[in-house]
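Asks: after the sequence you'll find the predicted model.
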Amino acid sequence: MEGALRSPFPLAINRYMTTNNEFDNYHDKSELDGPDPEFNQDAHRWDKGGLVTTDNGIADRLLQNDTLYKQLKGDWSRTDYNLSKNIKVTTGRDHGKMYLTREQMNVPAIMQHCKEYRSRAEAGFIDPLAPIMPDGKLGYKWMELPEVMSFEISNKYFGGMPWAAIKRDRTLKAQFYKVVETEYNAFVCYPGGKLPIPVEVPYPNPVGSEKFFKGHRV
């Protein structure tokens with residue numbers, strides 16, 4: 001617009017930039033011709049690039065360890081315990097095949113506990129901590145199953161689905177109880193060793209087995 005006031009700042013900025021070069025004032029041009037900074041290979045990761053921090057770079061360090069790589073390539077094993085220190089877990093590879101085994105140390109103690117509990121229940125002693133039955137009366141504890149046995153049932157009949165997930169389904173839960181009652185009866189606490197399963201379900205088939213009789217047509 002003709003007659004409007006124009007700001008003097010753009011002109012002042014241009015004049016400053018042409019007469020004052022900050023790079024020349026604060027940096028020595030000779031530094032540009034110096035040697036390149038040394039590249040520290042240990043400070044960088046090679047799987048995805050970037051600097052090594054406490055949250056990455058572990059894979060790179062493992063791959064650079066020739067001894068560890070050779071051990072992992074062949075047969076190896078590693079043993080550790082759970083937080084309660086009563087289950088020993090061993091993982092490894094034997095002749096190129098991976099394996100995982102669990103050994104629970106207190107299985108005999110649990111078995112003895114179930115035996116004593118069942119004896120007291122069959123003698124008529126009341127357990128004040130037992131669950132309430134559907135008829136409203138106080139019942140008895142159903143089972144005391146070791147964790148390793150729970151893993152065995154889960155892997156054999158339920159494709160690795162843990163008990164924490166199985167018990168959310170009424171049918172799967174009843175089938176799990178049937179397996180415990182039949183194959184792990186020593187860990188049944190209920191009187192007589194017979195669990196009061198509220199729903200009638202078929203016995204589960206092992207994973208990978210044929211679900212029907214041979215020759216049966218679906």
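Replies: Yep, it's here.
Asks: what kind of secondary structure is residue 88 in?
Replies: strand (DSSP: H, G, I helix; E, B strand; the rest coil).
Asks: give me the element residue 206 is part of.
Replies: Using DSSP states H and E, residue 206 falls within no helix or strand.
Asks: excluding its backbone neighbours, what's nearest it?
Replies: residue 156 (5.4 Å; C-beta to C-beta, 6 or more residues apart in numbering). Using the backbone N, CA and C atoms, a C-beta is placed for each residue, glycine as well.
Asks: that neighbour and residue 81: what is the separation?
Replies: Distance of residue 156 to residue 81, given as C-beta to C-beta, to the nearest Å: 24 Å.
Asks: have a look at these two and say which one is more surrounded.
Replies: With neighbours defined as other C-beta atoms under 10 Å, residue 156 and residue 81 compare such that residue 156 has more, 17 against 12.
Asks: confirm that that one sits in a strand.
Replies: No - under three-state DSSP, residue 156 falls outside any strand and is assigned helix.
Asks: model confidence for it, exactly?
Replies: In this prediction, residue 156 carries a pLDDT score of 94.
Asks: thinking it is in contact with residue 209, fair?
Replies: No - taking contacts as C-beta atoms under 8 Å, residue 156 lies outside contact range of residue 209: 9.9 Å.
Asks: how about the contacts made by residue 196?
Replies: Applying C-beta atoms under 8 Å, 6 or more residues apart in numbering to residue 196 gives the contacts 133, 139, 142, 190.
Asks: residues in contact with the longest helix along the chain?
Replies: Using DSSP state H to define each element, the chain has its longest helix at helix 107-122. The contact list for helix 107-122 (C-beta under 8 Å, 6+ apart) reads 127, 140-141, 143-144, 146, 148-149, 186-193.
Asks: kindly indicate which of those residues lies nearest residue 96.
Replies: Comparing the contacts of helix 107-122 against residue 96 with C-beta to C-beta places residue 148 closest, at 25.6 Å.
Asks: can you give me the buried ones in the host helix or strand of the closest one?
Replies: Using DSSP H and E, residue 148 maps to helix 147-157. Neighbour-count burial for helix 147-157 flags 147, 148, 149, 150, 151, 152, 153, 154, 156, 157 (criterion: 16 or more other C-beta atoms under 10 Å).
Asks: give the contact list for the nearest residue to the last one once chain neighbours are set aside.
Replies: When the adjacent residues along the chain are set aside, residue 157 lies closest to residue 204, with 4.3 Å between them (C-beta to C-beta, 6+ apart). For residue 204, the contact set (C-beta under 8 Å, 6+ apart) comprises 157, 158, 175, 176, 178, 179.
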